[in-house]
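*Asks:* give the three-dimensional model of this entry:
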Amino acid sequence: MSGSALPLPSAAVPAARRSPAGLAGLLVLASLGLVMLGTAVGSLGWEPLWQGGAGAATILWDIRLPRSVGAWLAGALLGLAGAVAQGLFRNPLADPYLLGSATGAAFGVALLLVLIGVSPAAAAGWAARLGLTGAGFAGAVAAVLLTLALARGVQQTLRLLLAGVIVGMVFGALSALVMFWVPDIMRSMQAFLLGTTGFLGWSGAGLLAALFVLGLVAAIALSPALDALALGEATARSLGIPLGGVRVGLVAVMALATGAAVAQVGLIGFIGLVAPHLVRAAVRPTHRWLLPLAALAGGVLLLAADVLARWLLAPQELPVGVLTALLGGGYLLWLMHRRPL
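*Replies:* Here you go, the predicted structure:
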């Protein structure tokens, strides 16, 4: 695993001259279009309700719109966390789940649901959603800290990767053990672990929005340190970057974004890994631009996958986490085939 940037396909090199602001505008337009599209896709496939009666308006405003907005926000959080992880570890293959944070967040959520005796679908209020997010954040932080302790810091990439794999497996096993002890919650947790936006409402979307703004502001504030780290730790120290404090702040942003997203939509892979790659294939930004652009790209990717998952086999719905894994894995295999690492 190399610490340098992933080589771009030759077809993407000319696109590197595009303006970051122009790309941001395109991603915003794509996001708005996908939100509109998401409100027109229901349990039976294409079902636009824009001119329906009172019942149609209720479905539109209370079910489809918060689900579409929440899916975009969860994807944006994962895209942001992925950009932070790749900058912090100077590794293009890093993603928000590298340090076991996703399975740690899932364990925290599963444990809380068992303790309070509800399913993810029943946790619809602000207090319940805040509790789920807090449990996810606590589990993510615990997993990250354990990984860093086992790896003895972030200097040895291979040791860090192995520690993350081990911690992820341990917390995944703990989640399975919790479900084994309480079989009644297994069915709802299965959908949660496969990734779904079906539990999202306005309370979850509002919480995701608040945490997204908080995480984005904190990440942009630390973006000069990420630019300095890209030049190497010795150079960063010579520029006066307090690496210890910066790492703590970046790990907290990554854990908060990952924990919040996992708490609301479950385990959805590849969004945080692919979104920064797509941005770098279009522009060559500094981290001040890369972080918000990766967030926009992550929101577009997850919302597009969610709409496709609802429409593809309607009236059945594919788990969106399975769909993102298939599409994201296919993209990375194609990229590795074009330009081996």
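*Asks:* for the rest of this, base every contact and every neighbour count on C-alpha atoms.
*Replies:* Fine.
*Asks:* and the helices in the stretch 151-300 of the chain?
*Replies:* With helices called from DSSP state H, counting those that start in this stretch, the stretch 151-300 of the chain shows them at 157-181, 186-194, 202-221, 223-229, 233-238, 243-265, 271-282, 287-312.
*Asks:* and of the ones you listed, who's closest to Leu26?
*Replies:* Ranking the helices of the stretch 151-300 of the chain by proximity to Leu26 (CA to CA) places helix 287-312 first, at 9.7 Å.
*Asks:* what average pLDDT does that closest one get?
*Replies:* Per-region confidence: helix 287-312 scores 94 on mean pLDDT.
*Asks:* name the helices or strands packed onto it?
*Replies:* Helix 287-312 is packed against helix 20-39, strand 41-42, strand 45-46, helix 65-88, helix 202-221, helix 223-229, helix 271-282, helix 320-338, with contacts defined by 3 or more CA pairs under 8 Å, 6 or more residues apart in numbering; DSSP states H and E.
*Asks:* got the angle for that helix vs helix 65-88?
*Replies:* Put simply, helix 287-312 runs at 140 degrees to helix 65-88, going by axes from the mean of the first three to the mean of the last three CA atoms, to 10 degrees.
*Asks:* what about the closest residue in space to Ala71 that isn't next to it in sequence, neighbour count?
*Replies:* Among residues not flanking Ala71 along the chain, Leu303 sits closest, at 5.4 Å (CA to CA, 6 or more residues apart in numbering). Counted with other CA atoms under 10 Å, residues neighbouring Leu303 total 29.
*Asks:* now Leu303: how far from Ala102?
*Replies:* In this view, Leu303 and Ala102 are 19 Å apart by CA to CA, to the nearest Å.
*Asks:* what does Met189 give?
*Replies:* Met189 sits 14 Å away from Ala102, going by CA to CA.
*Asks:* for these two, indicate the residue with more neighbours.
*Replies:* Ranked by neighbour count (other CA under 10 Å), Met189 and Ala102 place Ala102 first, with 33 against 23.
*Asks:* name the element that one belongs to?
*Replies:* Per DSSP states H and E: Ala102 is located in helix 101-116.
*Asks:* looking at this structure, which helix or strand does the model trust least?
*Replies:* Ranked by mean pLDDT, DSSP states H and E, the weakest helix or strand in the chain is helix 186-194, scoring a mean of 73.
*Asks:* pLDDT weak spots in the stretch 151-300 of the chain?
*Replies:* Within the stretch 151-300 of the chain, the ranges that satisfy pLDDT under 70 run 153-158, 188.
*Asks:* which residues touch the residue nearest to Ala71?
*Replies:* Applying CA atoms under 8 Å, 6 or more residues apart in numbering to Leu303 gives the contacts 31, 34-35, 38, 68, 71-72, 75.
*Asks:* so which of these sits lowest on pLDDT?
*Replies:* pLDDT is lowest at Gly38 among the contacts of Leu303; the value there is 89.
*Asks:* so that one makes contact with Ile63?
*Replies:* No. Counting by CA atoms under 8 Å, Gly38 stays clear of Ile63, with 10.6 Å between them.
*Asks:* thinking again about what came up before, are any of the contacts of Leu303 buried, and which?
*Replies:* 31, 34-35, 38, 68, 71-72, 75 (16 or more other CA atoms under 10 Å).
*Asks:* what's the helix holding Ala102 packed up against?
*Replies:* In terms of contacts (3+ CA pairs under 8 Å, 6+ apart), helix 101-116 is packed against helix 126-151, helix 157-181, helix 243-265.
*Asks:* right, and the helices and strands packed on helix 287-312 - which one's nearest Leu177?
*Replies:* Nearest to Leu177 among the helices and strands packed on helix 287-312 is helix 320-338; the distance by CA to CA comes to 21.6 Å.
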